[in-house]
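Novice: Would you be able to build a 3D model of this:
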Amino acid sequence: MHFGYFDPTYILVIIGIVLTLAASAKVKSTFAKYSRVGSRSGMTGAQVAERLLHDAGIYDVYIERASGNLTDHYDPKNKVLRLSDPVYGQTSLAAIGVAAHECGHAIQHQNSYAPLGIRSALVPVANIGSMAAWPLIILGLVLSYNEVLIYLGIILFGAAVLFQIITLPVEFDASKRAITKLGETRILQDDELRQSKKVLDAAALTYVAAAAATILQLLRLVILFGGGRSRD
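Specialist: A predicted model of the protein is given here:
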């Protein structure tokens, strides 16, 4: 497995990095744009979250402020919906869209949405896989190409890839629920819904890019090490 001074599989890594950076730039610019557009309702992200949760019959989820930018998330274990500073107390279409999206996850949890349960179960496996994969592969190479360790590393990295893939329907469904709820409750009018949806669509691209990047990384590992010593 020698390519001289250039490893062509690095192209896969570069593609993954470009996709990730492009998606990140897109969501940041879109969020910034619609953060400057106030909603007619004048409701803050936290108020919208409370309204949507109660409308869905959810009264046991605590809403709290989280530090940072775009660090919003729903914690199913502790039933806490955390909204970042640009969302919690802001009345923009961007803030309302993000808050509603996180409510979508809480509604998924309440309705026992299967992909959410699968993703939650995969979290510890994916964390172990992402941390242990490369050390195992490197150790396998150091130990005279120990194929057991190398293949174990690839399998563990595959768990992280599976997590990214199962994340996609979870996030898409949460955004769909968010837009539906915002329309049903009339918190946003039709033109506002279209603009808020652009924020959620941009955010969805980050998950697509992350999944693509990890799939490309896995493909690279398979190309480099999948053939065992026959690749040397």
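Novice: what about residue 135, neighbour count?
Specialist: For residue 135, the neighbour count with other C-beta atoms under 10 Å is 12. Where you see a C-beta, it was placed from the backbone N, CA and C, and this is true even at glycine.
Novice: Kindly apply the preceding question to residue 155 instead.
Specialist: 12.
Novice: cool, the one 5 residues further on as well?
Specialist: Burial of residue 160 is recorded as 22 neighbouring residues (other C-beta under 10 Å).
Novice: which other helices and strands contact the helix or strand hosting it?
Specialist: Here residue 160 sits within helix 147-184, counting by DSSP states H and E. Under the contact definition 3 or more C-beta pairs under 8 Å, 6 or more residues apart in numbering; DSSP states H and E, helix 147-184 sits against helix 45-55, helix 93-110, helix 114-142, helix 190-225.
Novice: to the chain's geometric centre, what's the distance from that helix?
Specialist: 7 Å (C-alpha atoms, centre = their mean, to the nearest Å).
Novice: Report the angle between that helix and helix 114-142.
Specialist: Inter-element angle recorded for helix 147-184 and helix 114-142: 150 degrees (by axes from the mean of the first three to the mean of the last three C-alpha atoms, to 10 degrees).
Novice: State the phi and psi torsions of residue 82.
Specialist: The phi/psi pair for residue 82 (degrees, to the nearest 10) reads phi -100, psi 130.
Novice: And it, how far from residue 88?
Specialist: The span separating residue 82 from residue 88 equals 9 Å under the rule C-beta to C-beta, to the nearest Å.
Novice: Before I go, just wanted to say thanks for your time.
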